[in-house]
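K.L.:
Fold the following for me, if possible:
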Amino acid sequence: MAVAHTSEIRLKVGLDENRVPEELNWSAEDGGIDNEAAKAMMLSVWDSKNQESLKIDLWTKDMPVDEMKTFFHQTLVTMADTFMKATQDEKMTATMKDFCDYFAEKLELKS
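P.N.:
Numbering: from 1, shown residues only. Model (predicted):
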């Protein structure tokens, strides 16, 4: 099957003199996102040839710690949802969601 359409997601990272992120912006034309600011990002890709996950995790200097904790929690919940969609493994998804609840409780995050 031939590729009928391509979609591009762009990330722009503004760095200080020590190469520490000052600004993060992203665009996804198909999603209606154009140069939107962000404070943190996590990107994972699967390298099938080497059977390993590759990742980029970035956050700006001014990302507050309390927001980072919430960002991690929401990312973990989303990962559990994605795991369910990808595998239909209800038992492991429930285990992952239990951990997400535990994570939020230990960090005293608001629901």
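
K.L.:
What residues does the residue nearest the centre of the chain make contact with?
P.N.:
What sits nearest the mean C-alpha location of the chain, by C-alpha atoms, centre = their mean, is residue 42, with 3.9 Å. The contact partners of residue 42, by C-beta atoms under 8 Å, 6 or more residues apart in numbering, come to 55, 56, 57, 75. C-beta here means a position set from N, CA and C on the backbone, and glycine is covered the same way.

K.L.:
Show me the strands in this structure, by range?
P.N.:
9-15, 21-28, 33-38, 40-47, 52-59 (DSSP state E).

K.L.:
Pipe these into a markdown table and attach distance to residue 108 and mean pLDDT per row.
P.N.:
Output for those, formatted as a markdown table (distance: least, C-beta to C-beta, whole Å; pLDDT from 0 to 100):
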| stretch | distance to residue 108 | mean pLDDT |
| --- | --- | --- |
| strand 9-15 | 31 | 97 |
| strand 21-28 | 27 | 97 |
| strand 33-38 | 25 | 97 |
| strand 40-47 | 20 | 97 |
| strand 52-59 | 21 | 97 |
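
K.L.:
and among those strands, the most buried is which?
P.N.:
Of these, the one with the most neighbours on average (mean count of other C-beta atoms under 10 Å) is strand 21-28, at a mean of 16.

K.L.:
Show me what that strand pairs with in its sheet, parallel or antiparallel.
P.N.:
On the basis of DSSP bridges, the sheet neighbours of strand 21-28 come out as strand 9-15 (antiparallel), strand 33-38 (antiparallel).

K.L.:
thinking in terms of the whole chain, how far from its middle is the longest one?
P.N.:
Put simply, strand 9-15 sits 15 Å off its chain's centre (C-alpha atoms, centre = their mean, to the nearest Å).
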